[in-house]
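# Dropping the sequence and predicted coords here.
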Amino acid sequence: MLAFIALAFAGGFLFIVINNGTNIRAPTPKPVAALTSFDGKLTVQSIDDLRVAGRKIVLCGVAFTKPQSMRAMVTEAVRRDYQGLALTCKPVGAGTPCDGNVAPEFRDAVVVQCLTLGGTDLAAKLVETGILCGQPAQAGSTYKACAPGS
């Protein structure tokens, strides 16, 4: 008798699920940001928190690999020399040296290549001055990698 009741309950439950659905919906996918360039002025919160037109950015193909003890000094130098610089930034996937090698977003930032109004690549300039180091796995030989230990 107990087996019959369990079978009837399972059948009734299955009937309800099939007729009414589970009301479980797949999560709405996060919209993919349009791969369009944007213009704005550079704001330097820290060497790891750069913003253009209020958007947090990561410069593709380069990274700060110096000792943590240098972070504040480097941030001040970048702020002094580049704060307010007018830039045009294009996201990865829109014709950057990193296309196909890195995702267009990293955490809460958009990964970009930024150029000044005169066409100078900001990442190249920061590598040239020794502030950032090229990451060959991301951008090939576009930006010079730092020597080990520097």
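Yep, it's here.
# Ramachandran angles for G130?
Dihedral angles of G130 (phi, psi; degrees, to the nearest 10) stand at phi 80, psi 10.
# Count the neighbours of it for me.
13 (other Cβ atoms under 10 Å). For glycine as for every other residue, the C-beta is placed from the backbone atoms N, C-alpha and C.
# Might one say that Y143 is in contact with E128?
No: proximity of Y143 to E128 does not meet the contact threshold set by Cβ atoms under 8 Å, at 9.1 Å.
# which element follows the helix or strand of the chain with the lowest mean pLDDT toward the C-terminus?
Lowest mean confidence among the helices and strands of the chain (mean pLDDT, DSSP states H and E): helix 2-20, at a mean of 58. Next in sequence after helix 2-20, counting helices and strands by DSSP states H and E, comes strand 38-46.
# Okay, now the sheet partners of the helix or strand that that following strand is followed by, with direction.
Downstream of strand 38-46, the first helix or strand assigned by DSSP H and E is strand 49-52. Partners of strand 49-52 in the sheet, by DSSP bridges, are strand 38-46 (antiparallel), strand 55-59 (antiparallel).
# quick one, which of Y143 and E128 is more surrounded?
The residue with more neighbours, out of Y143 and E128, is Y143; 26 against 13, by other Cβ under 10 Å.
# For the more buried one, which residues are in contact?
G61, V62, P97, A123, A124, V127, L132, C133, G134, Q135 (Cβ atoms under 8 Å, 6 or more residues apart in numbering).
# Tell me the one among those residues nearest to T116.
When the contacts of Y143 are ranked by distance to T116 (Cβ to Cβ), A124 comes first, at 10.5 Å.
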